[in-house]
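In: no sequence on hand, only this structure:
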């Protein structure tokens, strides 16, 4: 498992943070496409918005930026939560292009949560720790490939930012990848307690190209 240094290494913590962010997402509604939210231990130190001045393809990208912080252990994630049921038993790939400016570090991330022996569990996670972008980087393709176990309930995915700087994300795709090599193995880490289906879980991914009209 690739653990995110200074990031969501424990699924039970991030699940709580995501639920809290959903309750407080209204101020961002005019800035980001539906289906996306900003979460993380230091989400208040970052901004997330659609950027119509910077794009790799089309007319927009998603931009994550620090509010002037300088500590590399501060972090936030742009996250979307989807139902894992249609993907169970499949190998899937999350891919997208990243660009950075004066960035501590950043990258794509994906986590699969589910139920093992009646308890909440983190089944697989990849935070792209060994292949993040940093400093100033032109558009770079990044991929995450994982297996979705039969016990899966929720897939969480998006992009993360650590420390200072700006990160742009464009052209995300989530698709079956039966012939690809996995970038993280299934770990089946039991978190304990009853699994709580997160608020805001979508049936399928939405707004992965950030080209749609904004809410509000």
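Out: Cool, got the structure. None of these values were measured; they are calculated from a predicted model.
In: mind checking which helix or strand the residue positioned nearest the centre of the chain is in?
Out: Centroid check for the chain by C-alpha atoms, centre = their mean gives residue 158 as the closest residue, at 2.3 Å. Here residue 158, judged by DSSP states H and E, is contained in strand 152-162.
In: what lines up beside that strand in the sheet?
Out: Paired strands of strand 152-162, with direction, are strand 75-83 (antiparallel), strand 91-116 (antiparallel) (DSSP bridges).
In: what does the average pLDDT come to for the first one?
Out: The predicted model gives strand 75-83 an average pLDDT of 95.
In: now that strand: buried residues?
Out: Using 16 or more other C-beta atoms under 10 Å as the burial criterion, the residues of strand 75-83 that qualify are 75, 76, 77, 78, 79, 80, 81, 82, 83. In short, each C-beta sits where N, CA and C put it, glycine included.
In: tabulate those residues in JSON lines, adding columns for distance to residue 154.
Out: Below are the buried residues of strand 75-83 laid out as JSON lines (distance: C-beta to C-beta, whole Å):
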{"residue": "75", "distance to residue 154": "21"}
{"residue": "76", "distance to residue 154": "19"}
{"residue": "77", "distance to residue 154": "15"}
{"residue": "78", "distance to residue 154": "16"}
{"residue": "79", "distance to residue 154": "11"}
{"residue": "80", "distance to residue 154": "11"}
{"residue": "81", "distance to residue 154": "6"}
{"residue": "82", "distance to residue 154": "7"}
{"residue": "83", "distance to residue 154": "7"}
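In: and which of the residues you listed is nearest residue 170?
Out: Residue 170 lies nearest to residue 78 out of these, by C-beta to C-beta, at 12.3 Å.
In: count of neighbours near the residue nearest to residue 150 when sequence neighbours are not counted?
Out: Excluding the flanking residues, the one nearest residue 150 by C-beta to C-beta, 6 or more residues apart in numbering is residue 88, at 5.4 Å. Neighbours of residue 88 under the rule other C-beta atoms under 10 Å: 16.
In: ditto for residue 107
Out: 27.
In: same check on residue 197?
Out: As a burial measure, residue 197 scores 11 neighbours (other C-beta under 10 Å).
In: can you confirm it is in a helix?
Out: No. The assignment for residue 197, made by DSSP: H, G, I helix; E, B strand; the rest coil, is coil rather than a helix.
In: perfect, I'm done here.
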